[in-house]
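Enquirer: Predicted model and sequence below, questions to follow.
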Amino acid sequence: TGVVPFVALLLLQRRPVAGRALLVTGSGCPSHGLCMKREGWGHRGDGGGGGTQGTWGDTLLSSQLKCQGEPFSSESDKLCNPAGIVFPSFRVNRTSERKEVMVAMYKLFAFLNASLGNITRDQEELNPMAKELLERLHNTTKTTRGLISNLTCLLCKNYNIFQVDVRYGDSSKNKSAFKKKQQGCQVLRKYVQVIGQAARVLLPHLSPS
């Protein structure tokens, strides 16, 4: 469950920019007890039942591709190759310090939150009747924001970290319909690749300090 309202990242970035995301706007950390819970990671954000982030990442990508029509339906491997999509670097592993892991996770989900905002806006414009896809996008965004909120709480309470340098992806706002579709599937495919690694690294660190 989210603990801290995460205001700064809800204002989606419009261009690639390196900056500081404000984690806590007040003078202190939240007074609640445990910030991070394992259930927050396992919860599906796509409107389905149980599963992992990797699983519903695959499901969301499949749903997105299904709604884009040709040539995405038949040439997704080529058009959705995520080689040009640069997620925040994730140079941590299961033996890394917990603080280092949490900062890396925060950067990853902050980037994803902004990217999901871009994709959702584009799909609301391009496929306003695609109810299942839009529902999955909204639910995934809710889950992502919940994870950010938990990380915000943990970084503040355990490590007195109030700001983190975050780099956001390229906005698709002024691109053509084709480019919007392509960027969306590229980001989601990259996300599926990255999230599996992230889950393996994060889970050992989720027990209370």
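Expert: That came through, no problem. Numbering: from 1, shown residues only.

Enquirer: okay, which residue is most central for this structure?
Expert: Geometric centre of the chain, nearest residue: residue 112, 2.8 Å, by Cα atoms, centre = their mean.

Enquirer: my guess is residue 144 contacts residue 110, does it?
Expert: No. Contact criterion Cβ atoms under 8 Å: residue 144 and residue 110 do not qualify, at 9.1 Å. All C-beta spots, glycine's among them, are computed from the backbone N, C-alpha and C.

Enquirer: which residues of this protein fall in helices?
Expert: Along the chain, counting by DSSP state H, helices occupy 38-42, 53-66, 76-79, 98-126, 131-159, 177-202.

Enquirer: Residue 88: which of those helices is closest?
Expert: For the helices of the chain, the distance to residue 88 is smallest for helix 98-126, at 4.1 Å, taking Cβ to Cβ.

Enquirer: Okay, buried residues for that closest one please.
Expert: 98, 101-123 (16 or more other Cβ atoms under 10 Å).

Enquirer: Then stretch 191-201?
Expert: 191-192, 194-196, 198, 201.

Enquirer: centre of the chain versus it, how much separation?
Expert: Relative to the chain's own centre, stretch 191-201 is displaced by 11 Å; criterion: Cα atoms, centre = their mean, to the nearest Å.

Enquirer: what's it in contact with?
Expert: 41, 52-54, 57-58, 61, 82, 87, 90, 92-94, 96, 101, 104-105, 108, 112, 115 (Cβ atoms under 8 Å, 6 or more residues apart in numbering).

Enquirer: mind saving the C-alpha coords of that stretch as PDB?
Expert: Extracted C-alpha coordinates of stretch 191-201, given in PDB (Å, rounded to 0.1, in the frame of the first residue of the first chain):
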ATOM      1  CA  TYR A 191      10.500  -2.800 -19.400                       C
ATOM      2  CA  VAL A 192       9.800  -6.600 -19.600                       C
ATOM      3  CA  GLN A 193      13.500  -7.200 -20.000                       C
ATOM      4  CA  VAL A 194      14.500  -4.900 -17.100                       C
ATOM      5  CA  ILE A 195      11.900  -5.800 -14.600                       C
ATOM      6  CA  GLY A 196      12.900  -9.500 -14.400                       C
ATOM      7  CA  GLN A 197      16.400  -8.500 -13.300                       C
ATOM      8  CA  ALA A 198      15.000  -5.900 -10.900                       C
ATOM      9  CA  ALA A 199      12.700  -8.400  -9.200                       C
ATOM     10  CA  ARG A 200      15.500 -10.800  -8.600                       C
ATOM     11  CA  VAL A 201      17.600  -8.100  -7.100                       C
END
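
Enquirer: Let me know how buried residue 176 is, in neighbour terms.
Expert: Applying other Cβ atoms under 10 Å, we find 9 residues neighbouring residue 176.
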